[in-house]
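S.K.: predicted model follows, preceded by the sequence.
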Amino acid sequence: MVIALDKQWIWDSWYAHDGNRWHGFFLKADKSLINPDLRHFNVSQGHAVSDDLVTWEHLGTCFAPSETEAWDDFTTWTGSVVQDDAGLWHLFYTGTCKQEEGLYQRIGHATSTDLHNWERVGDGLCLDLTGPNARHYETDHMRGFWHDRAMRDPWVMRDPEGPGWLMFFTARASGIAEPNAGGAIGFATSSDLMTWELQPPVFAGGYGQLEVPQVFAAEGRWYCLFCTAAEHFSKDAAERIAGGPVTGTHYLIGDGPRGPWRIAPGPFLDGDLPCRRYAARILETPDGLVIMGFADHAEGGHFGGYVMDPEPVIVDENGLLRVLREAQAAE
């Protein structure tokens, strides 16, 4: 295990490099809860630093739900961190509130000068499923059809095709009859990181949810990483995958960050039953690409609750990603 705490479980993580070292951010909850399924609604964000993605120094809690009644007083879930031209760091995160029983997700914004002490921008809320393009999304909790109103896991990056910023997030498309075919990669744009405009999804279909998206370029191609569970494969996707559905991380291939995107052909990138690693990120290091995610079902079948050692990722001759697991990397 590479990022682990004795008294707390760790799951989703995201990373930033400050020019000198890596900063890892992650969701955490106390093991005193006993049942790891309770972690989601007893969450805070942790922070650790590393020079090599292997040895980490833990710096403690860096962000948590609002202590007073607010749109994010229940949870502050997965996000991403970017730096603007002036050197200010920006955290975009998922929030839910107690009044709505955590069923409606929205996206928040906080800033920091040191990557540890974060202050909300205003009340923190920066994007909701409102405005003219909201019609493309499931804007209400479809009780009995899906388990939440999905708008989470924001991935923010500079727009490589011009000035401004892009945001990708986990969402669901409207008007799709099969629940497991309605998962979408939501999309928004901003000129200044402060004001965001909701756009139609850049992708929908294949799965009931495409969690923790990460959009990046490698060797001249565009990829959108996502994770999903075996029970959230659409009928079509389940029939197309050799060996049947698995739980873990797969990806889309695109012509650019705005798409069009398509599900990568061939084997699922990093999936297992039971799930080995979930909510993975791919990071670019001097030695190449590596994948990092949390251990879901660890040895013995119990919940792992730690971030696993990085493993190499390659782009093969067909432009497809491939994870070299420990045994393969050693060959």
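M.R.: Nice, thanks for sending it over.
S.K.: strands of the stretch 101-250 of the chain, start to end?
M.R.: For the stretch 101-250 of the chain, applying DSSP state E, counting those that start in this stretch gives strands covering 106-112, 119-127, 152-158, 165-172, 183-190, 196-204, 211-218, 221-228, 247-254.
S.K.: which one of those strands has the most crowded surroundings?
M.R.: strand 165-172 (a mean of 25; mean count of other CB atoms under 10 Å). Any C-beta I mention is one placed from the backbone N, CA and C, and that applies to glycine too.
S.K.: OK, contacts around the nearest residue to Ile253 once chain neighbours are set aside?
M.R.: Spatially, and ignoring its direct neighbours in sequence, Ile253 is nearest to Ala264 (5.2 Å; CB to CB, 6 or more residues apart in numbering). For Ala264, the contact set (CB atoms under 8 Å, 6 or more residues apart in numbering) comprises 223, 250-253, 320-321.
S.K.: ditto for Ala188
M.R.: Taking CB under 8 Å, 6+ apart, one finds 127, 166-167, 169, 196-199 in contact with Ala188.
S.K.: from the residues you listed, which two are the most distant?
M.R.: Phe169 and Glu197 (13.5 Å; CB to CB).
S.K.: on that earlier part again, so can I have CSV of the strands of the stretch 101-250 of the chain showing distance to Tyr137?
M.R.: Shown next, in CSV, are the strands of the stretch 101-250 of the chain (distance: least, CB to CB, whole Å):
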stretch, distance to Tyr137
strand 106-112, 12
strand 119-127, 12
strand 152-158, 12
strand 165-172, 5
strand 183-190, 7
strand 196-204, 7
strand 211-218, 15
strand 221-228, 17
strand 247-254, 18
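S.K.: wait, which of the ones you listed is closest to Asp12?
M.R.: Taking CB to CB, strand 211-218 is the member of those nearest to Asp12, at 6.2 Å.
S.K.: which residues are contacting the closest one?
M.R.: If you take CB under 8 Å, 6+ apart as the criterion, strand 211-218 is touched by 12, 78, 152-153, 155, 157, 160, 166, 168-170, 185, 222-228, 254, 257, 279-282, 284, 289, 315, 321.
S.K.: buried residues in the strand or helix carrying Leu27?
M.R.: Applying DSSP states H and E as the criterion places Leu27 in strand 22-30. Buried residues in strand 22-30, counted by 16 or more other CB atoms under 10 Å: 22-29.
S.K.: go on, stretch 228-247?
M.R.: 228-230, 232-234, 237-238, 241, 245-247.
S.K.: gap between the two ends of that stretch?
M.R.: Terminal residues of stretch 228-247 lie 6 Å apart, using CA to CA, to the nearest Å.
S.K.: same deal with stretch 182-196?
M.R.: OK, stretch 182-196 end separation, CA to CA: 24 Å.
S.K.: state the mean pLDDT of it.
M.R.: In this model, stretch 182-196 has a mean pLDDT of 98.
S.K.: go on, stretch 110-128?
M.R.: pLDDT averaged over stretch 110-128 gives 98.
S.K.: just the CA atoms of that stretch, as CSV, please.
M.R.: Extracted in CSV, the C-alpha atoms of stretch 110-128 (Å, rounded to 0.1, in the frame of the first residue of the first chain):
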residue,chain,number,x,y,z
ALA,A,110,-12.4,26.5,-3.0
THR,A,111,-9.0,28.2,-3.3
SER,A,112,-5.6,27.9,-1.6
THR,A,113,-2.1,29.4,-1.7
ASP,A,114,-0.5,26.4,0.0
LEU,A,115,-2.5,23.4,-1.3
HIS,A,116,-3.6,22.6,2.3
ASN,A,117,-5.7,25.4,3.7
TRP,A,118,-8.7,25.9,1.5
GLU,A,119,-11.3,28.6,1.5
ARG,A,120,-14.6,28.4,-0.2
VAL,A,121,-15.3,30.9,-3.0
GLY,A,122,-18.4,32.6,-1.6
ASP,A,123,-20.6,29.7,-0.3
GLY,A,124,-18.6,27.3,-2.4
LEU,A,125,-21.3,26.4,-4.9
CYS,A,126,-20.0,27.0,-8.5
LEU,A,127,-22.2,24.7,-10.8
ASP,A,128,-25.6,23.0,-10.7
